[in-house]
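Novice: With the sequence up front, the predicted model follows.
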Number of protein chains: 2
Amino acid sequence: MLNYRHLYYFWMVSKEGGFARAAERLDMAIQTISVQVRELEKSLGHQLLKPEGRGVALTEAGRVAFARAEGIFQIGEALPEAVRDAASRRVVRLAVGLSDGISKLAAHALLGPVLDTPDLRLICHEGEFEQLQTELALHRLDLVLTGQAAPSNPNLRLSCDRLLSSPVVWYGPAYLVGQDMMDSFPQSIERLPVLLPTGHSALRSGLDHWFNDLGLKPQVVGEFEDSALMSLFAARGLGVFPVSRRGADDLARSSGLALLGECENVVEEIYAIRNRRGEQHPLVQQILARAAA
Amino acid sequence: MLNYRHLYYFWMVSKEGGFARAAERLDMAIQTISVQVRELEKSLGHQLLKPEGRGVALTEAGRVAFARAEGIFQIGEALPEAVRDAASRRVVRLAVGLSDGISKLAAHALLGPVLDTPDLRLICHEGEFEQLQTELALHRLDLVLTGQAAPSNPNLRLSCDRLLSSPVVWYGPAYLVGQDMMDSFPQSIERLPVLLPTGHSALRSGLDHWFNDLGLKPQVVGEFEDSALMSLFAARGLGVFPVSRRGADDLARSSGLALLGECENVVEEIYAIRNRRGEQHPLVQQILARAAA
DNA sequence: GCCAAGCTTCGCAAAATACGAAGGAAGACC
DNA sequence: GGTCTTCCTTCGTATTTTGCGAAGCTTGGC
């Protein structure tokens, strides 16, 4: 394994342009530096410094090593202050990944419990499931919300829980959704313009099944990746759309949308993927606890 | 100073999700890891891991430290291989910064001696003088060529040498530069369309002086930052232009340009700025040696 | 040819790192 | 509730690494 102390001395020698200067800067004996750098060279199997006149110069390998060392120690020298900052700072960072195809409205509902955390800094990141899983493993994310259960992968040390399993309801603009439409639901849906999630989502599969079972042939006027966008277009009169009941609570109030009816046997599910136990974010635990309740 | 060994153990503990796993992975006793990580916390002055159930979890400070550590050790783990690659690779990297306002033709002439180095990988980077100086100090460049002497700055450990001081000559397309024009040079220049370097360059100042001293009022049809571009436009018939004699040797041959005449008392100078002695690139030395000859 | 600056080698002291043994704390399981 | 297992911690000691004084060795300048 690479010895970072040796590397540090090598870095300083390169930066200062010689053992003597480096030793002075480090307030150490010159021979110590000399020996330790030699150790580094031995462990890497290549000469990094070569004698040049009465000083030393970098070899090609040394040039590369120096460039990397520069990167390492630039981060390293800033680390203590970064830690102090983080410790004194009151803001709590929470990085959430939202998998493509997840209902943004439901995601928002799930994150709701922590949104009023004082000094919260919420980072929402969308992307492909695989990519998010990677970022989670690399600790760039604290939590990933996804529409389908993750293939449990013990290598990555991730755990997956179902956070939400909510019946799906239909909403639409009030002027389209009259009493007659509600009464004759679900058949009435054939007489209404319909917005659907795109085919990539788990919810779409469930809905297609539901249409098929009931022998319904809906008139699809739009397909949306994003449920929030879908609800916006619906509110502007484009048509009626499905959404999980949880997360739809405030739709009627806030956007002039009316409840049309509820699907039987169609549920939207959301799964939470997170790092292995023991590295959890307090807010993540809060979200999971609230969702379980 | 930050102890990278401690940091490494902390990183591994975070990554593996516990002391026990980390110890197993590192093939070390668990208590060693425990103590060393505690040392890191002590030296940083903040707790990085907190007990959680029967494992441990990252604190906010720990989260930050872990992110930095990830950066550090990702570089570090790739370093040995990078060094091996560099050592076995035969290509020689030479990164040269060309200051804005320098004559590209002269720069090319100066770099000429090393251009036929086998397996050369030449990186040419243009930019403001200050910026290039910074990159030089950060070892991202091996050499900076500039039109004016650098203010010697002992802090940055850079040295500056005059590489070239060459008389300035005028070239123009052969059909413009007839024998009569050559004979009546420099007065004939008033009867020719003239291209000049832009006002930012040292060469331009010298030329303005020269015009003034001789009482010449040239008809300026173009100003160029870039001498190579200027020579291209000149070759296409736009006008006559000044260029340092060195670096102009092949102009007449290759581009249908003819020598008009030579300025008295106007020189183009090029300075080489490089890192302190002992960190020099072999090719840089070659360039300097050749230029001095 | 001599001096001064700079790197290297050698042998020993100091410091850090590492581990066995023993102890405590928190879920898991009956 | 009791017991078991897993995990983290503390303590005392062995081992390794790191650091330094003293004495070479090489190179360039005078």
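Specialist: Looks like it came in fine. Numbering: from 1, shown residues only, chains lettered A, B, ... in the order given.
Novice: Alpha carbons of stretch A:41-54, as CSV, please.
Specialist: What follows is stretch A:41-54, C-alpha atoms only, in CSV (Å, rounded to 0.1, in the frame of the first residue of the first chain):
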residue,chain,number,x,y,z
GLU,A,41,10.7,5.0,-5.2
LYS,A,42,11.4,1.5,-4.0
SER,A,43,7.8,0.8,-3.3
LEU,A,44,6.7,2.2,-6.7
GLY,A,45,9.5,0.4,-8.4
HIS,A,46,10.6,3.5,-10.4
GLN,A,47,12.9,6.3,-10.0
LEU,A,48,11.0,9.6,-9.4
LEU,A,49,13.9,12.0,-8.9
LYS,A,50,17.2,11.9,-10.8
PRO,A,51,20.4,13.8,-9.9
GLU,A,52,20.8,16.9,-11.9
GLY,A,53,23.8,19.1,-11.3
ARG,A,54,24.0,19.4,-7.6
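Novice: any idea how far residue A:158 lies from DNA strand D?
Specialist: Using C-beta to the nearest atom of the strand, to the nearest Å, we find residue A:158 at a distance of 17 Å from DNA strand D. Backbone N, C-alpha and C define where each C-beta goes, glycine included.
Novice: Help me confirm that that residue comes into contact with residue A:137.
Specialist: Yes - taking contacts as C-beta atoms under 8 Å, residue A:158 lies within contact range of residue A:137: 6.8 Å.
Novice: which residues are in contact with both of these two?
Specialist: When C-beta atoms under 8 Å, 6 or more residues apart in numbering or on different chains defines a contact, the residues bordering residue A:158 and residue A:137 alike are residue A:275.
Novice: residue ranges of the strands in the stretch 151-293 of chain A, please?
Specialist: A:158-173, A:193-197, A:219-224, A:241-244, A:257-275 (DSSP state E, counting those that start in this stretch).
Novice: which of these is buried the deepest?
Specialist: Between the strands of the stretch 151-293 of chain A, the one whose residues have the most neighbours on average, counting mean count of other C-beta atoms under 10 Å in any protein chain shown, is strand A:241-244 (a mean of 25).
Novice: Pull the residues that contact it.
Specialist: Outside strand A:241-244, the residues touching it (C-beta under 8 Å, 6+ apart) are A:103, A:105-106, A:164, A:166-172, A:194-197, A:203, A:207, A:224, A:227, A:230-231, A:234, A:251, A:263, A:266-268.
Novice: Count the neighbours of residue A:66 for me.
Specialist: Close neighbours of residue A:66, defined as other C-beta atoms under 10 Å in any protein chain shown, add up to 21.
Novice: Which residues are in contact with it?
Specialist: The neighbourhood of residue A:66, defined by C-beta under 8 Å, 6+ apart, consists of A:10-11, A:14, A:48, A:58, B:139.
Novice: And the strands in the stretch 1-150 of chain A, which stretches?
Specialist: When assigned using DSSP E, counting those that start in this stretch, the strands of the stretch 1-150 of chain A occupy the ranges A:49-52, A:55-58, A:92-99, A:120-127, A:143-146.
Novice: Turn the strands of the stretch 151-293 of chain A into JSON lines, columns for mean pLDDT and distance to residue A:113.
Specialist: As requested, the strands of the stretch 151-293 of chain A are exported to JSON lines (pLDDT from 0 to 100; distance: least, C-beta to C-beta, whole Å):
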{"stretch": "strand A:158-173", "mean pLDDT": "88", "distance to residue A:113": "12"}
{"stretch": "strand A:193-197", "mean pLDDT": "94", "distance to residue A:113": "25"}
{"stretch": "strand A:219-224", "mean pLDDT": "92", "distance to residue A:113": "26"}
{"stretch": "strand A:241-244", "mean pLDDT": "92", "distance to residue A:113": "17"}
{"stretch": "strand A:257-275", "mean pLDDT": "89", "distance to residue A:113": "13"}
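Novice: can you list the ones you listed in TSV and add distance to residue A:90?
Specialist: Supplementary listing: these in TSV, determined by distance: least, C-beta to C-beta, whole Å:
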stretch	distance to residue A:90
strand A:158-173	28
strand A:193-197	39
strand A:219-224	38
strand A:241-244	34
strand A:257-275	23
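Novice: who wins for proximity to residue A:146 among those strands?
Specialist: Among the strands of the stretch 151-293 of chain A, the nearest to residue A:146 by C-beta to C-beta is strand A:257-275 (5.3 Å).
Novice: okay, stretch A:63-82 in CSV with CA atoms only?
Specialist: As requested, the backbone C-alpha atoms of stretch A:63-82 are provided in CSV (Å, rounded to 0.1, in the frame of the first residue of the first chain):
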residue,chain,number,x,y,z
ARG,A,63,6.3,14.1,-13.1
VAL,A,64,3.2,12.0,-13.1
ALA,A,65,3.6,11.1,-9.5
PHE,A,66,4.0,14.8,-8.6
ALA,A,67,0.8,15.7,-10.5
ARG,A,68,-1.2,13.1,-8.6
ALA,A,69,0.4,14.1,-5.3
GLU,A,70,-0.5,17.7,-6.0
GLY,A,71,-4.2,16.6,-6.3
ILE,A,72,-4.0,14.5,-3.2
PHE,A,73,-2.4,17.1,-0.9
GLN,A,74,-4.5,20.0,-2.2
ILE,A,75,-7.5,18.1,-1.0
GLY,A,76,-5.8,17.0,2.2
GLU,A,77,-4.6,20.4,3.2
ALA,A,78,-8.1,21.8,2.8
LEU,A,79,-9.7,18.9,4.7
PRO,A,80,-9.3,20.0,8.3
GLU,A,81,-10.9,23.3,7.6
ALA,A,82,-13.7,21.7,5.7
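Novice: does DNA strand C sit close to it?
Specialist: No - legend: contact between stretch A:63-82 and DNA strand C by C-beta under 7 Å from any atom of the strand is lacking; minimum distance shown is 14.7 Å.
Novice: This completes my enquiry, with thanks.
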